[in-house]
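**Q** Give me a 3D structure for the following:
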Amino acid sequence: MDHAKAVEAARTLAREVLAPNAHDNDKNAAFPEAAVKALGAAGLLGLTVPVAMGGHGLGPRTYAEVVATLAEADASLAMIYKMHVCGVACLVSFADKSSDARAAIADVVKGKHLSTLAFSEQGSRSHFWAPVSKATKSGAKYTINAQKSWVTSAGHADSAIVSAQLPDAKAPTESGLFILANHPSLVDVVFL
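**A** Numbering: from 1, shown residues only. Predicted structure coming up:
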């Protein structure tokens, strides 16, 4: 897929899937399952994943035009897609160190994995770089104690990138990112 094909795929989805359902989805507070599946089937979930990882390897110009095209038809779906691409960028950055991230990326490029971010939380005054959530470690596993106030696609995403203070952190800025996944091969991070 190149730039022109990606944008054309977004236009087709916007016209045929998003626009006809956007009003009812918003009115009924319904998650746009069909639209997300259509994004996956069109190859747009793996738009920015590097070619070496099986994705299309397209950059910011294509991503921006795809998001703008989707937003014209369904702003809510465009936000879901935007957060997915941000989550996938984190998964890609974890891929060297994490077989969990690599497994998620493999499903992203197959159009079968939706990701998101879980950064917003009570008590942080929306300063995502200074979370009040805390991570504790037991062996190789982490537990995250968090009250996230807003997570796009919550309950529908297959993975979320969660911000939390590192174990033994002395300040909120001593934080890290963790993969929270609803995927059989991924490490579970449990919210208490």
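**Q** how far away is the residue of the chain positioned farthest from its centre from Val132?
**A** In terms of distance from the mean C-alpha position of the chain, Lys170 ranks first, at 28.7 Å (CA atoms, centre = their mean). Distance, Lys170 to Val132, using CB to CB, to the nearest Å: 14 Å. C-betas here are computed from N, CA, C, even on glycine.
**Q** Helices along the chain, start to end?
**A** 3-13, 19-27, 33-41, 60-73, 75-94, 99-109 (DSSP state H).
**Q** The first one: how far from the chain's middle?
**A** Centroid separation for helix 3-13 versus its chain: 20 Å, with CA atoms, centre = their mean, to the nearest Å.
**Q** what's the answer for the third one, then?
**A** A distance of 14 Å separates the centroid of the chain from that of helix 33-41, by CA atoms, centre = their mean.
**Q** Which other helices and strands does it contact?
**A** Applying 3 or more CB pairs under 8 Å, 6 or more residues apart in numbering; DSSP states H and E, we find helix 33-41 packed against helix 3-13, helix 19-27, helix 75-94.
**Q** Need the winner for burial among these.
**A** helix 75-94 (a mean of 20; mean count of other CB atoms under 10 Å).
**Q** Just the CA coordinates for that one, please, in PDB.
**A** Coordinates of each C-alpha in helix 75-94 appear next as PDB, following Å, rounded to 0.1, in the frame of the first residue of the first chain:
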ATOM      1  CA  ALA A  75     -14.900  12.200  14.400                       C
ATOM      2  CA  SER A  76     -15.300   9.600  17.100                       C
ATOM      3  CA  LEU A  77     -13.900   6.800  14.900                       C
ATOM      4  CA  ALA A  78     -11.000   9.100  13.900                       C
ATOM      5  CA  MET A  79     -10.100   9.500  17.600                       C
ATOM      6  CA  ILE A  80     -10.200   5.800  18.000                       C
ATOM      7  CA  TYR A  81      -7.900   5.400  15.000                       C
ATOM      8  CA  LYS A  82      -5.600   8.200  16.200                       C
ATOM      9  CA  MET A  83      -5.200   6.500  19.700                       C
ATOM     10  CA  HIS A  84      -4.700   3.100  18.000                       C
ATOM     11  CA  VAL A  85      -1.800   4.500  15.900                       C
ATOM     12  CA  CYS A  86      -0.200   6.100  19.000                       C
ATOM     13  CA  GLY A  87      -0.500   2.800  20.900                       C
ATOM     14  CA  VAL A  88       1.000   0.900  18.000                       C
ATOM     15  CA  ALA A  89       3.900   3.300  17.800                       C
ATOM     16  CA  CYS A  90       4.600   2.400  21.500                       C
ATOM     17  CA  LEU A  91       4.300  -1.300  20.700                       C
ATOM     18  CA  VAL A  92       6.800  -0.900  17.800                       C
ATOM     19  CA  SER A  93       9.200   0.900  20.200                       C
ATOM     20  CA  PHE A  94       8.900  -2.100  22.600                       C
END
